[in-house]
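Trainee: Starting from these lines, generate the structure:
(2 chains)
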There are 2 protein chains.
Amino acid sequence: MRILSSELKNHIGKEVTLLGRLYAARKMGGIGFAILQDRKGLVQAVFEQEINAKVGSIISLTGTVKEEKRSQTGVELAGRSISVIQAPVEDLPFDLSKKELNVDLPTLLDHRPLTLRHESVRSIFKIYDTVIGAYTEAMRGMDFTEIKTPKIMGAASEGGANFFTIDYFGTQAFLAQSPQFYKQFGAGVFERVFEVGPVFRAERHFTTRHVNEYVSLDGEMAFIESDEEVRETLEKALRHVFASVAEKNKDELALHKAELPLMPEKIPAMKLSEMRQIIKEKYGYDIPKDTDIDPQGEVHAGQYAKEKFNSDFIFLTHYPREHRPFYIMPDDENPKETKSFDLLFRGLEIATGAQRIHDYHKLVGSIKMYRLNPDDFAFYLEAFKYAMPPHGGWGMGSERIVYKLLGLSSVKEAILFPRDVKRLIP
Amino acid sequence: MRILSSELKNHIGKEVTLLGRLYAARKMGGIGFAILQDRKGLVQAVFEQEINAKVGSIISLTGTVKEEKRSQTGVELAGRSISVIQAPVEDLPFDLSKKELNVDLPTLLDHRPLTLRHESVRSIFKIYDTVIGAYTEAMRGMDFTEIKTPKIMGAASEGGANFFTIDYFGTQAFLAQSPQFYKQFGAGVFERVFEVGPVFRAERHFTTRHVNEYVSLDGEMAFIESDEEVRETLEKALRHVFASVAEKNKDELALHKAELPLMPEKIPAMKLSEMRQIIKEKYGYDIPKDTDIDPQGEVHAGQYAKEKFNSDFIFLTHYPREHRPFYIMPDDENPKETKSFDLLFRGLEIATGAQRIHDYHKLVGSIKMYRLNPDDFAFYLEAFKYAMPPHGGWGMGSERIVYKLLGLSSVKEAILFPRDVKRLIP
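Mentor: Predicted coordinates for the structure are as follows:
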């Protein structure tokens, strides 16, 4: 009967069998050391002879469990036998047995099925698993209904930029850039909906924070009074996410020497225009006029949040209307600004949200104001023609959370098989 | 303060305010009846005058909670006032206030943002929410790690048929037909992985059980002895799914007059070849020679499972190798058959699974035997070159579960915004 490495402590003094990968092996004066990796982690076995198996092999290892204070898990095995279930055909092109996997990003990603086997790489996706699991748990706990919306679309919803096109039985179709319209329909029916699903952006970015396909954590909720309620709900979900990581991923955080984020009782919120002023005065950086905020500005905003509020998060609000899509609710007091926000985590935007326009006539007016044609949005407008409740929501990049939490070199490290302008394989 | 319809029983005798949609209204001798719909369901309010609001409006309704034995929820409201938050611009093209929504399938789908508002339609997706939530809960409970794999692929994995093609920055790419290769990589690293995600099939089907995009519930697990372990694990997940639906969706099941499935202590399993023989002898139906089993054969297999085993489910095993992809493990005893299975639910295939070939040389041999080129699978083979554990898994159509559970007319009824050969909007 197989025992998992996490169960060894319950079998001290007994002989057990483990299944896994021979993660590392070395010899020292006639003694052999084998480290086995199973889905729960690593365990060391000491043999009275050398290990007769190739590192990387899938093995069955039998031995007696001993207490061992110097071991991180508190146990090790007095090894009796190793039998090889499946051996590698060749030696690995790099050494996975070292504590740090010293490969550059292209190598890391080109050989992803192999590099993922390294404990420090694998641990990223144990945390990712917690993040998406905790997000759905939080959303269900707040009475949100999970929906799955189509990724193939007949109409490029927001004007046609940045969409990948598909040949759909001879017709041109598009890959969804966000579930925006569909989750709004959902909010009109279920009031509170969420989705965890891929989104696709045909953008020619070459940065550490962009990819062309990512997993968006979306939420949309009806009967709101303002976008502040949206921010509060998103904040609740995030608190649960980080509380879950704190509880479940101690080892993984330690492996990356990562600190849990600073999160005050309430995430601070500030108008974008005020933040621009502060960044100019305090950090001497002038955010370019043709943008709302640029990456350098976000870094400074993150710096300010930390210095002023002791917070790794900050909501920037009231984004100008000219930089937000047509369906965003303008602010009552200043129609050039919107009831919208971005959420920054350690100086990087991880979520964007807003209250939406829910009145049919206002929405038609806004489409026209953006020089778009209401006829192109007939299927979207139909929901509003027959009354929609006040509503708003957000989209959040799941991988960016892990990227910033662990301080990785690129968001691509937080994606199993990332897609960028040049990368389609593996 | 808003109260939800489900909370009314705790407020008997008190005045409360509900927010929602005016689902129906009628008058009878100077008395007005209003039915409000919120995310928890319907509640009736009785007014001493006619209702002065258009059906379909988003409203705020204030009234006093009264016990009412004849009402399904045990309560109704003595209405005091209705205020309209948002009124429809036009009258609806069909009547959503009737108990049955009498529209044909094209109308149902063309006006999806509206028809979803009908209680019987909405209830389908409350059950769908339970199904995917319970599936992930079951999988996490069995120590599976959730992964998210790319939907844009650089190589059409299994030979190129039935893939949608994308223009990817001037290069041809493909939409993933399944997460097959990626979940196998995952099993090589995390041992047990699952995914809930869209899959895309460029097939020109015009049936009640096919669509071109659906949400697949995938699982893949390492260190298996046989495909039987895969079947047992899938069965455990399914039991949890149906137990959750039984617990959470009593009202929704009742609305559809749907019976929970018959599921004996162990789902019966039978060789496909034996089932073919039985279908021929018992039901006089000869499954065409050029197929493993056809839809009519599946119906008879389902009939037999019910008559013989009192089961709504049956595993058919040992599918012939010529009808399964190259990576499926052939059977030791008869290499023309495979260690694979389909799971039928009420006479319809809902899942397909198998043990995979994990030996590098055998896999290369199988690729050649299928007249494919191993060079085209270099990124896939790399994982095997460096040793993979024995593994297997399944893919399951989430929407087909709901379709058969509720006895809907088409699987498209179980998809929020289905995509078929002709349907890309909404």
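Trainee: only C-alpha atoms for contact and neighbour calcs from this point on.
Mentor: Noted.
Trainee: what is the rounded mean pLDDT of stretch A:154-169?
Mentor: Taken as a whole, stretch A:154-169 has a mean pLDDT of 82.
Trainee: how long is that stretch end to end?
Mentor: End-to-end span of stretch A:154-169 (Cα to Cα, to the nearest Å): 12 Å.
Trainee: packing partners for the helix or strand where residue A:275 lies?
Mentor: Per DSSP states H and E, residue A:275 falls inside helix A:272-283. In terms of contacts (3 or more Cα pairs under 8 Å, 6 or more residues apart in numbering or on different chains; DSSP states H and E), helix A:272-283 is packed against helix A:295-309, strand A:313-317.
Trainee: Near chain B, which residues of the stretch 301-426 of chain A are found?
Mentor: Residues of the stretch 301-426 of chain A found near chain B (Cα under 8 Å from any Cα of the partner chain) are A:359-360, A:379-380, A:382-389, A:416-419, A:421, A:424-426.
Trainee: mind running it again at 7 Å?
Mentor: A:379, A:383, A:385-389, A:416-417, A:421, A:424-426 (Cα under 7 Å from any Cα of the partner chain).
Trainee: among the helices and strands packed on helix A:272-283, which is the most enclosed?
Mentor: Burial of these is given as mean neighbour count (mean count of other Cα atoms under 10 Å in any protein chain shown); strand A:313-317 ranks first at a mean of 26.
Trainee: Quick check: mean pLDDT of that one?
Mentor: Mean predicted confidence for strand A:313-317 is 98.
Trainee: so what strands line up beside it?
Mentor: The sheet places strand A:313-317 alongside strand A:269-271 (parallel), strand A:340-345 (antiparallel), with pairing taken from DSSP bridges.
Trainee: Contact partners for residue A:165?
Mentor: Neighbouring residues of residue A:165 by Cα atoms under 7 Å, 6 or more residues apart in numbering or on different chains: A:172-175, B:166-167.
Trainee: which of those residues count as buried?
Mentor: A:173-175, B:166 (16 or more other Cα atoms under 10 Å in any protein chain shown).
Trainee: Give me the three-state assignment for residue A:63.
Mentor: Put simply, residue A:63 is strand when judged by DSSP: H, G, I helix; E, B strand; the rest coil.
Trainee: now it: how far from residue B:2?
Mentor: 63 Å.
Trainee: Same question for residue A:246.
Mentor: 34 Å.
Trainee: quick one, which of these two is more surrounded?
Mentor: Just comparing residue A:246 and residue B:2: by other Cα atoms under 10 Å in any protein chain shown the higher neighbour count belongs to residue A:246, 17 against 12.
Trainee: how about the helices in chain A?
Mentor: A:105-110, A:112-115, A:119-141, A:180-190, A:227-248, A:250-255, A:272-283, A:295-309, A:360-369, A:378-385, A:398-406 (DSSP state H).
Trainee: For residue B:215, which of those is the nearest?
Mentor: Closest to residue B:215 of the helices of chain A, according to Cα to Cα: helix A:180-190, at 15.7 Å.
Trainee: count of residues packed around the nearest residue to residue A:236 once chain neighbours are set aside?
Mentor: Spatial nearest neighbour of residue A:236, excluding adjacent residues (Cα to Cα, 6 or more residues apart in numbering or on different chains): residue A:138 at 7.7 Å. Using other Cα under 10 Å, residue A:138 has 20 other residues around it.
Trainee: Please verify my assumption that residue A:138 contacts residue A:242.
Mentor: No - Residue A:138 lies out of contact with residue A:242 (Cα atoms under 7 Å); the separation is 11.1 Å.
Trainee: angle of the longest strand along chain A against helix A:119-141?
Mentor: What stands out as the longest strand in chain A, according to DSSP state E, is strand A:15-28. Orientation check (axes from the mean of the first three to the mean of the last three Cα atoms, to 10 degrees): strand A:15-28 against helix A:119-141 gives 140 degrees.
Trainee: Would you mark the buried spots in strand A:15-28?
Mentor: Judged by neighbour count using 16+ other Cα under 10 Å, the buried positions of strand A:15-28 are A:16-25.
Trainee: what's the answer for stretch A:267-277, then?
Mentor: By 16+ other Cα under 10 Å, the buried positions in stretch A:267-277 come out as A:267-269, A:272-273, A:275-276.
Trainee: same question, stretch A:406-413
Mentor: By 16+ other Cα under 10 Å, the buried positions in stretch A:406-413 come out as A:406, A:408, A:410-413.
Trainee: how does chain A divide into domains?
Mentor: Domain ranges of chain A: A:5-86, A:119-414, per automatic domain parsing.
Trainee: give me the number of residues near residue A:207?
Mentor: Using other Cα under 10 Å, the number of residues around residue A:207 comes to 11.
Trainee: contacting residues for it?
Mentor: Residue A:207 makes contact with no residue, according to Cα under 7 Å, 6+ apart.
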